[in-house]
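K.L.:
Give me the fold of what follows.
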Amino acid sequence: MTDQKISQEALQAVIAELGEASGFDAIEGRLEQIAPQLQQLLDGALKAGGWFDDAHESVVLRTATVPDQEQRIAELRNFVLEQTRLGMLVGVAVGWEISERLESRRSD
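P.N.:
Below is the predicted model of the structure:
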């Protein structure tokens with residue numbers, strides 16, 4: 001990212017491009033090469049943020065042991081959705097920070 005303001009129109013255009021079927025074709029090759037490192041970075045960020053502490057384990061245990069099968073499945077679905085959202089948000093933050101640091105090295 002640069003210090004320049006990004007217009008909402010430009011942001012929406014990029015989001016629309018990424019939403020197309022071929023939106024991620026350009027990044028797939030690069031992502032395959034760095035996926036293990038990004039996974040470690042994301043895991044570290046989640047752990048540092050306290051998202052995998054005792055409270056997390058408590059929710060896992062509570063969800064897994066709900067006596068009613070339908071309620072357990074519903075709670076498990078909700079838990080997976082929440083974890084997915086959390087991982088995505090932290091992943092975006094990590095990606096944003098990588099982008100900021102790369103941009104600052106370009107201008108040095």
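
K.L.:
Dead centre of this protein: give me the residue that sits there.
P.N.:
Most central in the chain under CA atoms, centre = their mean is Met88, positioned 2.1 Å from the mean C-alpha point.

K.L.:
Could you check which helix or strand contains it?
P.N.:
helix 69-106 (DSSP states H and E).

K.L.:
May I see the buried residues of that helix?
P.N.:
For helix 69-106, burial by neighbour count (16 or more other CB atoms under 10 Å) applies to 75, 79, 83, 90-91, 94. Every residue, glycine included, has its C-beta placed from N, CA and C.

K.L.:
which among those residues gets closest to Ser22?
P.N.:
Gly91 (21.4 Å; CB to CB).

K.L.:
Okay, the residue lying closest to that closest one once chain neighbours are set aside and Val60: tell me how far apart.
P.N.:
Leaving aside its chain neighbours, Gly91 sits nearest to Leu42 (5.6 Å; criterion: CB to CB, 6 or more residues apart in numbering). Leu42 sits 19 Å away from Val60, going by CB to CB, to the nearest Å.

K.L.:
what does Pro36 give?
P.N.:
The gap separating Pro36 from Val60 is 25 Å, by CB to CB.
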